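[1] Quick one: sequence and predicted model below, then my questions.
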Amino acid sequence: MADEKFLAQLWATIESRKAGGGDSKSYTRQLLENPSKIRRKIIEEAYEVNEAHQALVAGQDSKDHLAHEAADLLYHLLVLLASADVTPTEVYGVLERRHRPA
């Protein structure tokens, strides 16, 4: 069963591609070499998450489809973060500070 450990593995793979490791023709590498493409994919995937959610709420789609679209968005967001040298740990820190009990 996948869990947050997989996100760490995915991040490591993205960082490896960024450093030049792995297949030079990988999709991740192509995205990292074209920041405007990453931004377009984020917009596209966010739209698809929204559409899948609307359809689910209307009883016209499945949770599985929403999960697939969310996975696409999360992957592309991680690639975007890597391209800007922002780590998931930094993002987690922001979330933790925002949600820390007063």
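    Ah, there it is. Numbers count the residues shown, from 1 in each chain.
[2] How much space separates the residue nearest to the spatial centre of the chain from residue 53?
    Residue closest to the average C-alpha location in the chain (Cα atoms, centre = their mean): residue 74, at 2.2 Å. Separation of residue 74 from residue 53 (Cβ to Cβ, to the nearest Å): 15 Å. Glycine gets a C-beta too; all of them are placed from N, C-alpha and C.
[3] What is the helix ranked longest in the chain packed up against?
    With DSSP state H setting the assignment, residue counts place helix 35-57 as the longest helix in the chain. Here helix 35-57 touches helix 27-32, helix 63-83, going by 3 or more Cβ pairs under 8 Å, 6 or more residues apart in numbering; DSSP states H and E.
[4] list the buried ones in stretch 70-90?
    By neighbour count on 16 or more other Cβ atoms under 10 Å, the buried set for stretch 70-90 is 70, 72-73, 75-83, 88.
[5] Any stretches of this structure with poor pLDDT?
    Under the criterion pLDDT under 70, the flagged ranges of the chain are 1.
[6] change it to 90
    Scanning the chain for pLDDT under 90 picks out the ranges 1-4, 21-25, 101-102.
[7] show me what contacts the spatially most distant residue from the centre of it?
    In the chain, the residue that sits farthest from the middle, by Cα atoms, centre = their mean, is residue 102; the gap is 30.0 Å. Not one residue lies near residue 102 by Cβ atoms under 8 Å, 6 or more residues apart in numbering.
[8] now swap in residue 62 and tell me
    residue 56.
[9] do the same with residue 64
    Per Cβ under 8 Å, 6+ apart, neighbours of residue 64: none.
[10] Tell me how far it lies from residue 57.
    Applying Cβ to Cβ to residue 64 and residue 57 gives a distance of 15 Å.
[11] next one: residue 32
    Using Cβ to Cβ, residue 32 is found at 35 Å from residue 57.
[12] cool, residue 69 as well?
    Separation of residue 69 from residue 57 (Cβ to Cβ) stands at 14 Å.
[13] do residue 66 as well
    10 Å.
[14] So between these two, which is more surrounded?
    The neighbour count for residue 66 versus residue 57, taken as other Cβ atoms under 10 Å, is higher for residue 66 (20 against 10).
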